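Peer 1: sharing a model that was predicted from the sequence below.
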Amino acid sequence: MAEKRIMKYRDELDKSYGVAGMALGLSVLDAADLFTAVTLDGEGPGCIQFTPEFFFAGNPRLSPRGAWQYILGHYRISVGLAVANALCRRMVLDNEKVDNQLRDQLFIAACDDGRDYCQLERDEVEPIFDEAFDNMRRLFSDQRVRKAMDVFVEALQKRRTLSHIDVTDILQRLDLM
């Protein structure tokens, strides 16, 4: 899967910025209530410990359309998290602009996941991806956010795992929530 190549970390610092980007991304994606902790001890998306509600779509009261909307909503979150991870690492840690190669890799990963999880075609993935990409690029272009991510990474490296309450507290102190 393309996402695994994108989320391959160079070192612990690179991973820390990826996890920090995802933690902030959860807030931006209005999904802050769907995780219990972030950790440097996980792998890839496993660095976020989600609540059981995040994974449960089998509510018999949901219509087929409602269940699909639920899955699509979580797909949007996963796209946003992958983009937040990559852009925080590139723009904040590396202090580089996002190039077309990275954008294309992220888009291909989003298309693969969209096809596998939601049976979405490329043209259906495009607006979802574009929205996530544009929002995260604007977010990590902000100098205030970039400085705050440095502080967040320092706390994450010191403790290795931050609970939902810890993440919320840090982001509020950094005026990011």
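Peer 2: Perfect, thanks for sending it. Numbering: from 1, shown residues only.

Peer 1: helices or strands next to the helix or strand containing residue 154 in the packing?
Peer 2: Applying DSSP states H and E as the criterion places residue 154 in helix 143-159. For helix 143-159, the packing partners by 3 or more Cβ pairs under 8 Å, 6 or more residues apart in numbering; DSSP states H and E come out as helix 12-28, helix 122-141, helix 164-173. Every residue, glycine included, has its C-beta placed from N, CA and C.

Peer 1: and the first one, which residues are buried?
Peer 2: To tie it back to what came earlier, the one meant is helix 12-28. Neighbour-count burial for helix 12-28, counted by 16 or more other Cβ atoms under 10 Å, picks out 15-28.

Peer 1: out of these, which is nearest to residue 165?
Peer 2: If you rank the buried residues of helix 12-28 by distance to residue 165 using Cβ to Cβ, residue 23 comes first, at 12.5 Å.

Peer 1: I'd say that closest one and residue 174 touch.
Peer 2: No: counting by Cβ atoms under 8 Å, residue 23 does not reach residue 174; the two are 11.2 Å apart.

Peer 1: what angle separates the one helix or strand residue 73 maps to from helix 12-28?
Peer 2: Here residue 73 is covered by helix 64-87, with elements defined by DSSP H and E. Interaxial angle, helix 64-87 versus helix 12-28 (axes from the mean of the first three to the mean of the last three Cα atoms, to 10 degrees): 140 degrees.

Peer 1: give the buried residues for the next helix or strand after helix 64-87.
Peer 2: Helices and strands here follow DSSP H and E; after helix 64-87, the next one along the chain is helix 100-118. Across helix 100-118, burial judged by 16+ other Cβ under 10 Å covers 102, 103, 105, 106, 107, 108, 109, 110, 111, 113, 114, 118.

Peer 1: identify the contacts common to residue 23 and residue 174.
Peer 2: Here residue 23 and residue 174 have residue 152 as joint contacts, going by Cβ atoms under 8 Å, 6 or more residues apart in numbering.

Peer 1: neighbours of the nearest residue to residue 12 once chain neighbours are set aside, how many?
Peer 2: Using Cβ to Cβ, 6 or more residues apart in numbering and skipping residues adjacent in sequence, the residue nearest residue 12 is residue 40, 7.0 Å away. Each residue near residue 40 was counted by other Cβ atoms under 10 Å, and the total is 18.

Peer 1: done for today, thanks.
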